[in-house]
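S.K.: Curious how this folds, go ahead:
(2 chains)
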Amino acid sequence: MLMKLTGGRIVDPAHGVNDEVRDIFVKDGRIVAEPTDGKIDQEINLRGKVVMAGAIDMHTHIGGGKVNIARTMLPEDHAADVVARTELMRSGCGHAAPSTLTAGYRYAEMGYTAGFEPAILPINARQAHMEMHDTPIIDKGGYVMLGSDDYLLRMMAANDDQESINNYVAWTITHSQAIGVKVVNPGGINAFKFNQRKLDLDEKNSFYGVTPREILLRLARAVKELGIPHPLHVHGCNLGVPGNMNTTLDTITGIDGLPMHMTHIQFHSYGTEGDFKFSSGAAEIAEAINSNKNITVDVGQILFGQTVTASGDSMMQHAAHSHAHPNKWVTMDIECDAGCGVLPFKYKDQSYVNALQWMIGLETFLLVEDPWRIFLTTDHPNGAPFTSYPHLIRLLMDKSFRNDVLSELHPEAQKASRLASIDREYSLYEIAIMTRAGAAKLVGLADRGHLGVGGAADITVYTDDSDREKMFSKPDYVFKDGKMVVENGDLIDVTWGTTHVVKPEYDNSIEKELKGYFDKYLTMKMGNFKISDDEIVDDGRGSLTIQPLHKGGPI
Amino acid sequence: MTERNEAGVWQEVPSPFCGIASDDLTISVNDQQVTVIENGDPITVKGFETPITDTVPRVDGQETSLANAVQRIAELMRDSQQTVISGLGTDLNGARSAMALADKGRATVDHMNSAGAFRNFLVLQDTGWMNTTLAEVKNRVDLLLVVGSDIESAYPRFYERMVWPQETLFSQDIESRDVIYLGKAPSGDASTSPKGKKAQVIPCDDADLPEVMSVLRALIAGRALQADQVGGIAISVLSDLAEQLKAAKYSVVTWSAAMLDFDHAEATVQTLCEMVKDLNVQTRSSGLPLGGKEGDTSVNQVAAWQSGYPMRSNFNRGYPDYDPYLSDSLRMLADDEVDTLIWVSSFDIDRTPPKTDATTVVLGRSGMTFDQEPAVFIPVGTPGIDHAGRAFRTDSVVSIPLRQLRDSGLPSTFEVLSAVEQAL
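M.R.: Here you go, the predicted structure:
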């Protein structure tokens, strides 16, 4: 069947198209050229509407152990947002730690067609995929977490060559069915198990003698040499600690020009100035991002209200446990592989620190010049639930709205921020870069995030509205793989997206040593650790999409 | 990976029965007879070797087709004012289908092991915990404190696999590990080290455990106590234990919530978990709840991600209405609030439905017998023997792929419950 989407205002930064009236043709889930025979089966009039590719959330905690701990521990948060079953949709719950089903529906209703779980523990990857399998409509995938795993640190302590590390990274990404590599508090989660309570960039893990800086360099090099499109995804040292901006600046310059994505940078941009010994480092961090073209960031914007923080960073989550609200929290040490920590948290607009966190995030958005290198996230649910994205978009696109909100916040925090003096307003084109074209490029999705011929027909259609929150909350239409799933902001069909992965090459001889390691020290066999392609297909709803690699090879 | 050689022998088979997901089993399959050749234990051997008897569904005691049995269940659900789907001894996809059916059929979901599991969930939902997983125990534990539980009776290979391995990652002398029991004494010698070092036992009655744990926590927190004994234990003994825990570099406190079978045992679990948090002010210590039997962790996990809650939600109003007390299936049955019980038990023929006046449907393991014939009985396959599947182990972190070892023709719970959902 051939569908014509007629006369929309196309915003497609991947092809440099900025608000041009064009038609789009869709067949078999793909965008195709105008048919030469002129035969159209269905036409949808989009005249005057804003048309973008489906949005992509490149960092959202939607599946895996820590997310499910968050769900299980928060019945009171769900109670305020239970979701009833409809003829189309399963019941569930929303807000901070939504059920998988509700998360998929709500992403789609906002015009999102893909989300990537940023912290998949290798040993817990099977669970992350089970949960994402139960997340409808959107495409998904994830970054596998390395850097606190005993095996890597042991290789580094033994000074194994880069090729061996590349093999291990490629093997892990392949068998955990991931599309990228994440590192969280490099080496710190591991160090916490040896009772270290902080780990600075050049501080040695007490057992292996390895530093976070070395871990970052080794992993960033592995990702680059393997040709994995998504740069090493880094949750840095000292999350949330006043003064951590210096560590962050050091991390940026210390990566030797290798591609590196620094995630939820807001949480890593804190100074120690002022009466509260807590200040914004956003200007310095943004300047470093602007001048280091190898760096990309997502913001991890906080928004006010109750949420829950779920992180692989057991060390820093433990350090922060006195801030849990309500007062309950979990940390876990996991399988000589990783860890996690879950703390409910309430961001308050009359708290100096929380208000400044809000300002730091927005300052970062507005001071980083290149929208291709900064991405719109709240680190769902850590800064705020993903359902707050339309509000965040309005804050970025509407200066007077932003300053109105700002004027209500903690007065001392207002004085400590230069946010009110920043005039920049994001354009629709820039929003489309951050949430579509740039995100697809960053994650390594060749066929998503654009509206060119051959691309997947993931398309979102909005009514232009100066109230950007309203505009982005309720798209007129969302098409997923060519099928209309949302009409006038309401879900009308439930489909199941694909799982995006990469399959870098590696020397299989690595398995000889790994098998012995699993047999001796771990509690499951190597063969049972591996997640087969069949498991992703599962009951038939799932599918696997292997994305192309970049040209790799030794640097 | 689980693989079969030419002689019909399977290697590296994971056990969905043992709670700790041992996956080093060697198993032979001869026609329908499964035999554990290596690394069995009483629980796993029973799990794998229970023979197939019935293969045909029954309605009102009469053999019938699967399609008829499915129709009958759908009719019962349609006519029901309150259906409970419980037992839920099943795997990942069985749990998915049960949740989908409960959602559509406005039923209540519960698990046969919920009485124990909720002693932990209530703590997670009130104050949380600091826990660990099996490979951390295997490589790091220097002091294992076992609270109120004879763990080897339910987890026969726990010590062999997790406490007394040949070697560990961090060059620890295995013989230096200490095992201390507080409460129940061990029933066997699994906790004795390879060279014969026996576990220390500080016995007390279950009834005294809440007070004993409170005193231990108080001692660790440095509180002054007036008493000189508690539950028959001299305070000096508990003081020594407190000092050992504080001196340990990676103590692990373990318990089986199913074995803490006394009123409000959740309060004792909470004291234990808060004590672990207190220990972590200075050193490292972790909790390790032991469960993972009859698919309980798998089912609670699936329920949590699909609905936001573990077991004990009622979907009567169209959404998950969670209540650990009101939706306790045993309480509901005892109070005659249930007209239809759908009992799923695909692992153990001895886990039969509770005695009830409610119309009972059983999706049970072949070989199950009943005092009272259920309205519908469908013999279903066992995950990891009759069909592939996936299951979580005790720590709710690691899950194992289960493979089909024989072709019995028995339907999976997923197939049956999905068919019922379609027929509704």
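S.K.: Centroid-nearest residue for chain A?
M.R.: The C-alpha lying nearest the average C-alpha coordinate of chain A belongs to A:His59 (CA atoms, centre = their mean; 0.6 Å).
S.K.: For A:Arg126, give me its contacts.
M.R.: Under the criterion of CB atoms under 8 Å, 6 or more residues apart in numbering or on different chains, the neighbours of A:Arg126 are A:531, A:535, B:390, B:399, B:401. C-beta: built from backbone N, CA, C; applies to glycine.
S.K.: What distance do you get for A:Ala14 to A:Gly54?
M.R.: 13 Å (CB to CB, to the nearest Å).
S.K.: right, I mislabeled it, should have said B:Ala67
M.R.: Using CB to CB, B:Ala67 is found at 41 Å from A:Gly54.
S.K.: follow-up on the earlier one: what's the separation between the residue nearest to the centre of chain A and chain B?
M.R.: When distances are taken as CB to the nearest CB, to the nearest Å, A:His59 and chain B turn out to be 19 Å apart.
S.K.: How about the secondary structure of that residue?
M.R.: The assignment at A:His59 comes out as coil when based on DSSP: H, G, I helix; E, B strand; the rest coil.
S.K.: Need the per-residue pLDDT for it.
M.R.: Per-residue confidence at A:His59 stands at 98 (pLDDT).
S.K.: before we move on, what about B:Met1?
M.R.: 63.
S.K.: sorry, back to before: between A:Ala14 and A:Gly54, which one's more packed in?
M.R.: A:Gly54 (31 against 19; other CB atoms under 10 Å in any protein chain shown).
S.K.: in which helix or strand would I find the nearest residue to that one once chain neighbours are set aside?
M.R.: Leaving out its chain neighbours, the residue that sits closest to A:Gly54 by CB to CB, 6 or more residues apart in numbering or on different chains is A:Thr113, at 2.8 Å. Secondary structure from DSSP states H and E places A:Thr113 in strand A:112-120.
S.K.: again, but for A:Gly383
M.R.: In the assignment (DSSP H and E), A:Gly383 maps to no helix and no strand.
S.K.: Count residues in the vicinity of it, would you?
M.R.: Counted with other CB under 10 Å, the neighbours of A:Gly383 add up to 26.
S.K.: That one contacts A:Ile265, correct?
M.R.: No - with contact defined as CB atoms under 8 Å, A:Gly383 does not reach A:Ile265; the gap is 11.2 Å.
S.K.: got any residues that touch both of the two?
M.R.: Looking at what touches both A:Gly383 and A:Ile265 (by CB under 8 Å, 6+ apart), the common residues are A:Gly300.
S.K.: ok, and the most crowded of the contacts of A:Arg126?
M.R.: Greatest neighbour count in these, by other CB under 10 Å, goes to B:Ser399: 27 neighbours.
S.K.: Which one of the residues in chain A is closest to chain B?
M.R.: Of all residues in chain A, the one sitting closest to chain B is A:Gly527 (3.0 Å; CB to the nearest CB).
S.K.: In strands only, show me the contacts of A:Arg126.
M.R.: When the contacts of A:Arg126 are checked against strands using DSSP state E, the ones located there are B:390, B:399, B:401.
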